[in-house]
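Peer 1: Build me a structure from this.
(2 chains)
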Amino acid sequence: MFARVSSLRELATQLGARSASALPTRPEGFIPVPDGWVGLFTDGGIRRGSTISVGSLSVAAALLGAATGAGLWCAVVGVPELSATAAVRAGVALCRCAFVTPASEVTAVVGALMEGVDVVVLGKPSKLPAVVTRQLAARARVHGTVVIGVGHWPGVDMRIRVTAATWSGIHAGYGRLVYRQTRLSVDGRRVPVPRQVDLDWPLDGRG
Amino acid sequence: MCPDWPVVAALSESDSAAAAPAAVMKGHRVVGVSVSARSQGVQVGMRQRDAQAACPELVLLEHDPGRDTRLFEPIIAAVEDLIAGVAVIRPGLAVFAASSPVRYFGSEDAVAERLLDNIAAMTDVEAFVGFAEGIFAAAIAAIRQATVPPGQTRAFLADRDIAVLGMPQLISVLRRCGIHTLGAIATLPEQAVVTRFGAEGVVAYRLATAAQETQIVARAPETVLEVRMELDPPADRIQYATAAIHTAAERFHNQVHGRGLVCTVLRIDATTTGEQLSRAWRADDVFNQGQVATRLRWQLEAWLTSSTRPTAGISVLALLAEQVAPASSRQLGLWGDTGDKHTRAAAAIDRVQDLLGIAAVTTAAPAGGRLPWDQTRHVVWRDEPAAGDRTGAPWPDRVPAPIQTFLSPIPVALRDCDGAEVQISSRHLISAAPSILHRPNMPEVSIIGWAGPWAMYENWWEPTENRHGAWAQIVVTDSPGVESALLLFYDRRWWLVGCYD
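Peer 2: This is a model prediction of the structure:
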């Protein structure tokens, strides 16, 4: 009996050693954010392995723009309404961005993507069962992938929202949308002190 | 093998002299270099402006695997005249099992001589033949026209510079560690290589120690794994076969994968009226669904555009797995394949494509068009985008696409301050200033800014298919989800096209 336990322990150590060496070693670090946003983050960027929820696609696109601009790879899962033309305006390098239409196996799809892709944008995370989103968050931490959920996502590490916005250039019946003055706010579980930053955000350009 | 094949092939179809310094470009990156350009410092992976700085008279050529495949066909035909079982790895590189031809012709040198004679007689291309255990060593041997006796592969590779691995990042790290030859890598303990250099290091180590053969457990499948498709009408141009290519690749992948196998050598057969065409492709790793589709497209394009093209369209298309391996095993990636293919990200995206089917994973590209939903074009991942990018063309009256563009616009109502519906007249005049936006199943919101209307008039030259309406941008207060929006007045009502937030 004891012999068996000790052999099991040995096996466990061996297995542990093997899986530890087989784990992909991701560099610890941060993914870059748009220039004007640096003040939002204590570390000047978004820590790899974080989960983020954003209230609007323009915030997601600006984050993608900064990441792909720095040579990182992104995947957009289940957000068919994201306009590529507008994404290019936000600075997204489409050559490093894959668009995925998942049928059902969202966990498998996002899990597979995390093994190689740096940023995954996920549409409507609130539609997924809480257990699935928790699994995804855990895998994101292991792989060092940043997952950006578009919409409400309870229990997320960080929420980035536009809390106030005024559009300029548009009047009663003339002009056009040119830029907006926005207040971006960050709060959430992993944000000890909520932060805000005010910026002018042109329609044709990154924030 | 034919060294620098993409450059040789591209030059042979261009006006430039064959000896001119030339580079094949893919997206402003060098993917192939001619000998004369290399001697002036141009390297694979360089950016276009760096390459041109190194060699100002550099001839830039476009990357086109279809053309490379087509021009490589006659060479393979010349090899197949003498030897059976030839498999193409990529245009410019093909392998065959040497034992039977060596027995038949007497020696390796005799095989090489006969082959080169035949290639020279049938084409005007310079080709090289080498013999060794393992594809990696054989290709290096081919550059030197060498024959590596069995068991000597590791010794043969030991003096080679690590540049032949074609893994730029790993090579630079190795050089900084003072490792310059494959022999030096082979002397390292394997466990140390794994921990220090990761997956790429393992590949390099296995290649350097000639451990390749033990990795490959490929065998002929026990049952016939075949996908056969009738093309009706027969495809005489590659454009007509695109849908069939994807379907065939998907079915083939499902069939092989369904048995827990992966395909390593693939045979593509095509039948026209009275002609049979056939070609085998070997994967440099294992074939996934997207790679099967790519090889199939290259091969069909080569057949359909060559000078000896079949007289009729292709009516039957068949994919046959010649060699398979258990799905859990992975072969070593071959070296020197530049571009994004071997990045981890692309591999992860490939896996998702395998999981969901080809069409579920796309890359997007901006496209020409006035309507916001025409301005995005999705291309299947790994597919070459279709020609005819019209984004640069002027599109008068084009409105900036909202970042969130609904796939189908949402019907909404606009009311003025008296509660009357706001309409656009046939002369594009607005009936009143809009002040309330009413969306289905949502509370009303008030409009604090609006601009427009701008006329939208598409296909006005078509008597029946023309569309006309008007655009407007609005800013609303106090509504979750919509703050600034693009509206379209069309068919006598308003539609919410998208949101800029």
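Peer 1: Quick check: closest non-adjacent residue to residue B:262.
Peer 2: residue B:286 (4.1 Å; Cβ to Cβ, 6 or more residues apart in numbering or on different chains). For glycine as for every other residue, the C-beta is placed from the backbone atoms N, C-alpha and C.
Peer 1: need the contact list for residue B:54.
Peer 2: Counting by Cβ atoms under 8 Å, 6 or more residues apart in numbering or on different chains, residue B:54 touches B:40, B:41, B:42, B:46.
Peer 1: I'd say the last one and residue B:29 touch.
Peer 2: This points to residue B:46. Yes - at 7.1 Å, residue B:46 and residue B:29 qualify as touching, with contact defined as Cβ atoms under 8 Å.
Peer 1: On the three-state scheme, the residue nearest to residue B:262 is what?
Peer 2: strand (DSSP: H, G, I helix; E, B strand; the rest coil).
Peer 1: Also residue B:379?
Peer 2: Secondary structure, three-state DSSP: residue B:379 is strand.
Peer 1: can you count the residues close to residue B:491?
Peer 2: For residue B:491, the count of nearby residues is 11 (other Cβ atoms under 10 Å in any protein chain shown).
Peer 1: can you give me the helices in chain A?
Peer 2: A:2-22, A:57-69, A:84-89, A:106-114, A:130-143 (DSSP state H).
Peer 1: Mind telling me which of those helices the model trusts least?
Peer 2: In terms of mean pLDDT, the lowest-scoring of these is helix A:2-22 (a mean of 48).
Peer 1: In this structure the residue nearest to residue B:262 contacts residue B:263, no?
Peer 2: Yes - if you go by Cβ under 8 Å, residue B:286 and residue B:263 touch, sitting 6.8 Å apart.
Peer 1: ok, those two, which is more surrounded?
Peer 2: Neighbours were counted for residue B:286 and for residue B:263 using other Cβ under 10 Å; residue B:263 has more, 29 against 19.
Peer 1: Relative to residue B:248, how far out is that one?
Peer 2: 13 Å (Cβ to Cβ, to the nearest Å).
Peer 1: ok, now residue B:102?
Peer 2: Counting by Cβ to Cβ, the gap from residue B:102 to residue B:248 is 36 Å.
Peer 1: Pick out whichever of those two has more residues nearby.
Peer 2: Neighbour tally, residue B:102 and residue B:248, criterion other Cβ under 10 Å: the higher count belongs to residue B:248, 22 against 17.
Peer 1: Mind telling me what element residue B:279 is part of?
Peer 2: strand B:275-287 (DSSP states H and E).
Peer 1: Show me what that strand is in contact with.
Peer 2: By Cβ under 8 Å, 6+ apart, strand B:275-287 touches B:73, B:76, B:85-90, B:95, B:262-271, B:291, B:295, B:299, B:303, B:310-312, B:314, B:322, B:325, B:330-334, B:337.
Peer 1: Produce a ChimeraX select command limited to the buried residues of the residues you listed.
Peer 2: Buried residues among these (16 or more other Cβ atoms under 10 Å in any protein chain shown), as a ChimeraX selection:
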select /B:73,76,86,87,88,89,90,95,262,263,264,265,266,267,268,269,270,271,291,295,299,303,310,314,322,325,331,332,333,334
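Peer 1: Just the ones of the contacts of strand B:275-287 in helices?
Peer 2: Members of these lying in helices (criterion: DSSP H): B:73, B:76, B:291, B:295, B:299, B:303.
Peer 1: shouldn't the fourth one be in contact with residue B:266?
Peer 2: So that's residue B:295. Yes - counting by Cβ under 8 Å, residue B:295 does reach residue B:266; the two are 6.5 Å apart.
Peer 1: so where is chain B shaky, pLDDT-wise?
Peer 2: B:211-220, B:327-343, B:383-397, B:459-463, B:465-466, B:478-482 (pLDDT under 70).
Peer 1: count of residues packed around the residue in the stretch 201-350 of chain B that chain A sits nearest to?
Peer 2: Residue of the stretch 201-350 of chain B nearest chain A, by Cβ to the nearest Cβ: residue B:348 (2.9 Å). For residue B:348, the count of nearby residues is 22 (other Cβ under 10 Å).
Peer 1: So for chain A, the centremost residue is which one?
Peer 2: residue A:148 (2.7 Å; Cα atoms, centre = their mean).
Peer 1: Can you name the residues that contact it?
Peer 2: Under the criterion of Cβ under 8 Å, 6+ apart, the neighbours of residue A:148 are A:52, A:53, A:54, A:60, A:63, A:64, A:119, A:120, A:121, A:122.
Peer 1: Check what pLDDT the closest residue to chain B within chain A gets.
Peer 2: Closest residue of chain A to chain B, Cβ to the nearest Cβ: residue A:116 (2.9 Å). At residue A:116, the model reports a pLDDT of 84.
Peer 1: And for it, the neighbour number?
Peer 2: Other residues close to residue A:116 by other Cβ under 10 Å number 21.
Peer 1: from memory residue B:256 sits against residue B:324, does it?
Peer 2: Yes - proximity of residue B:256 to residue B:324 meets the contact threshold set by Cβ under 8 Å, at 6.5 Å.
Peer 1: For these two, list the residues in contact with both.
Peer 2: With Cβ under 8 Å, 6+ apart, residue B:256 and residue B:324 have common neighbours B:225, B:262, B:263.
Peer 1: Name the nearest residue to the first one, ignoring sequence neighbours.
Peer 2: What that stands for is residue B:225. residue B:321 (4.0 Å).
Peer 1: What sits closest to the spatially most central residue of chain B if chain neighbours are left out?
Peer 2: Nearest to the mean C-alpha position of chain B, counting by Cα atoms, centre = their mean, stands residue B:382 at 3.9 Å. Nearest non-adjacent residue to residue B:382, counting by Cβ to Cβ, 6+ apart: residue B:290, 4.1 Å away.
Peer 1: In contact with the one you found, which residues?
Peer 2: Counted by Cβ under 8 Å, 6+ apart, residue B:290 has contacts B:249, B:350, B:353, B:354, B:358, B:381, B:382.
Peer 1: Pull out the buried residues from the strand or helix carrying the fourth one.
Peer 2: Okay, so that is residue B:354. Applying DSSP H and E as the criterion places residue B:354 in helix B:344-356. Neighbour-count burial for helix B:344-356 flags B:344-356 (criterion: 16+ other Cβ under 10 Å).
Peer 1: Can you lay out these as JSON lines showing distance to residue A:89?
Peer 2: JSON lines is the format used below for the buried residues of helix B:344-356 (distance: Cβ to Cβ, whole Å):
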{"residue": "B:344", "distance to residue A:89": "29"}
{"residue": "B:345", "distance to residue A:89": "23"}
{"residue": "B:346", "distance to residue A:89": "25"}
{"residue": "B:347", "distance to residue A:89": "30"}
{"residue": "B:348", "distance to residue A:89": "27"}
{"residue": "B:349", "distance to residue A:89": "24"}
{"residue": "B:350", "distance to residue A:89": "29"}
{"residue": "B:351", "distance to residue A:89": "31"}
{"residue": "B:352", "distance to residue A:89": "27"}
{"residue": "B:353", "distance to residue A:89": "27"}
{"residue": "B:354", "distance to residue A:89": "33"}
{"residue": "B:355", "distance to residue A:89": "31"}
{"residue": "B:356", "distance to residue A:89": "29"}
